[in-house]
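> this is a predicted model, with the sequence first.
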Amino acid sequence: MEPLLCFPAAPPPAVTAVLDRAGYPWRGVDGPEAAESDEPEDGWSGAVITSTVDPVGAFLLCRHLRKREVPLAPVMVVVLVEQLGELELREDLFDDLCVEPVNAEELSARLAHLFWRTGRGLRPDLLEHGPLVLNLETYQAAVAGKVLDLTYMEYELLRFLAARPGKVFTRETLLSRVWGYEYYGGARTVDVHVRRLRAKLGEENAHLIQTVRSVGYRFGQTNWTP
């Protein structure tokens, strides 16, 4: 997925938190010239334009993106309530809007709908469990929009467990399935990685990886009821 164009160059944290948590790559620009010079080889996948700080610059950029030989779509604008009246006769410059202060769930849903509707910049392949999101394309994981600093094997262990929530795996199974059949490490290898993962997930989310006494580990709660 190509990155979203974002304006201004340092978008509001509430906007970037939504993009990061949902797994949308993005790149900030400060105007039309940067939109052209920083454009990736395969083009932008869309744009999120925040007009709350520089409304004139925001809509100049929207107009520039729409008047190109190949107009950019989709374009989402984020505006203040008092700016809604200024959108009259500008409807052709954007595809959807969101009002500041941004509601994370609303912005995420509107972006997903826009990309589905236009068929461009489809969301990457994600695994989501509450505040935890794993991007299977970029080998990244984030909690509440904050990217975790994971080693490759920590990510692989988390991905394996998160893809099979509620299922219990022995340490031996995890060794063979995550580390590979040719790996001869002991059960302590799994325990060490689980301990490190829990620490990086943070106290509030460490419970996502649960210890099943005398057996091994599982991700999340089981759905089975007797």
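Yep, that arrived.
> which residues of this protein fall in strands?
4-7, 26-28, 47-50, 75-80, 96-100, 126-129, 132-135, 140-143, 146-147, 168-170, 209-212, 216-219 (DSSP state E).
> lowest-confidence stretch among these?
Of all these, mean pLDDT reaches its minimum on strand 126-129 (a mean of 82).
> got the domain ranges for the chain?
Taking automatic domain parsing as the criterion, the chain consists of the domains 4-118, 126-219.
> including mean neighbour count, could those go into a markdown table?
Backbone N, C-alpha and C define where each C-beta goes, glycine included. A markdown table is the format used below for these (neighbours: other CB atoms under 10 Å):
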| stretch | mean neighbour count |
| --- | --- |
| domain 4-118 | 17 |
| domain 126-219 | 15 |
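> one step back: so which of the strands of the chain gets nearest Val190?
Taking CB to CB as the criterion, strand 216-219 is the member of the strands of the chain that comes nearest to Val190, at 7.4 Å.
> strands paired with the closest one, and their directions?
According to DSSP bridges, strand 216-219 forms sheet pairs with strand 168-170 (antiparallel), strand 209-212 (antiparallel).
> can you list contacts of stretch 99-107?
Identification of contacts with stretch 99-107 by CB atoms under 8 Å, 6 or more residues apart in numbering yields 12, 14-15, 17-18, 21, 50, 52, 76, 78-81, 84, 98.
> any idea which of the residues you listed is closest to Gln210?
When the contacts of stretch 99-107 are compared for distance to Gln210, the smallest value, 23.4 Å, is given by Arg21; criterion: CB to CB.
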